[in-house]
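In: Here is a sequence with its predicted model. Questions after.
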Amino acid sequence: MTTITQIKGGTDNCYIVADDGKAILIDTASRPHLDKVIAECDKYEMKLIVLTHVHFDHAENAAELSKRYNIPVAVSKTDEELFEDFDRQPLSSYGLVGKLVLGLSLKVLRNTKVEKPENLIFVKEGDDLSSYGIKAKIIGLPGHTLGSIGVDVEQKHLFVGDELDNWVRPALGHLYYDFDAIKDSAQKIKDLGQRTIYYGHGKPTENKI
């Protein structure tokens, strides 16, 4: 039976998806929350880390967790450049919420270098994660970053990173690199139909956007 554990790291979320003791971690939170993430991961046989995108609040602990559990870190090839420099894909925003969040985030994003994991693997749309013990597939969701991805678990649970957010209510991600792409990704999510949506920021909801 599949179980999902939400780990809150301040305003950010990461998730453990487990089945029969084996688990994957989707995103890793930021450095101050590493011990909380480890405490939850230690309950399982960890098999894989998936990064929905390479921003510090999702990826900062990936390298250390990969070493601790001797497991690979999966990411889109298109996001690899963000390990070197956030400004390779600068963010814009819309709306008051977006402008507030972007204003608070920019300095940290530009001054926080995310360590590139040694055991990095590249994934793309349609890749199957069943070899890691979880019935799930990768879904491409570009827009927030060029390489943003989601994880579709058993066609029931969809982890969307920052392509959508739930800061106040479920909405198109307020921060984006490519606005047309993030709109297309939101439509793609909607078209998947019945799913529980798990956000990088905010509480899960049903897919009614």
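Out: That came through, no problem. Numbers count the residues shown, from 1 in each chain.
In: hey, let's count contacts and neighbours off CA atoms from now on
Out: Noted.
In: So what's the gap between the helix or strand of the chain with the lowest mean pLDDT and the chain middle?
Out: Here the helix or strand of the chain ranked lowest by mean pLDDT, DSSP states H and E is helix 95-111, holding a mean of 89. Its chain's C-alpha centre and that of helix 95-111 lie 18 Å apart, by CA atoms, centre = their mean, to the nearest Å.
In: For it, buried residues please.
Out: Gly98, Leu102, Leu109 (16 or more other CA atoms under 10 Å).
In: Let me know the closest of those to Leu65.
Out: Ranked by distance to Leu65 (CA to CA), the buried residues of helix 95-111 are led by Leu109 at 20.5 Å.
In: what's the first-to-last distance across stretch 166-174?
Out: 10 Å (CA to CA, to the nearest Å).
In: Tell me which residues touch the most centrally placed residue in the chain, please.
Out: Compute the mean C-alpha point of the chain, and by CA atoms, centre = their mean the closest residue is Thr52, 3.1 Å away. Shown in contact with Thr52 (CA atoms under 8 Å, 6 or more residues apart in numbering): Ile26, Asp27, His58, Val75, Ser148, Ile149, Gly150, Val160, Gly161, Asp162.
In: if you set the cut-off to 6 Å instead, what comes out?
Out: Ser148, Ile149, Gly150, Gly161 (CA atoms under 6 Å, 6 or more residues apart in numbering).
In: With pLDDT as extra columns, can I get those in a markdown table?
Out: What follows is the contacts of Thr52, written out as a markdown table (pLDDT from 0 to 100):
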| residue | pLDDT |
| --- | --- |
| Ser148 | 98 |
| Ile149 | 98 |
| Gly150 | 98 |
| Gly161 | 98 |
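In: Report the buried members of these.
Out: Ser148, Ile149, Gly150, Gly161.
In: Done for today, thanks.
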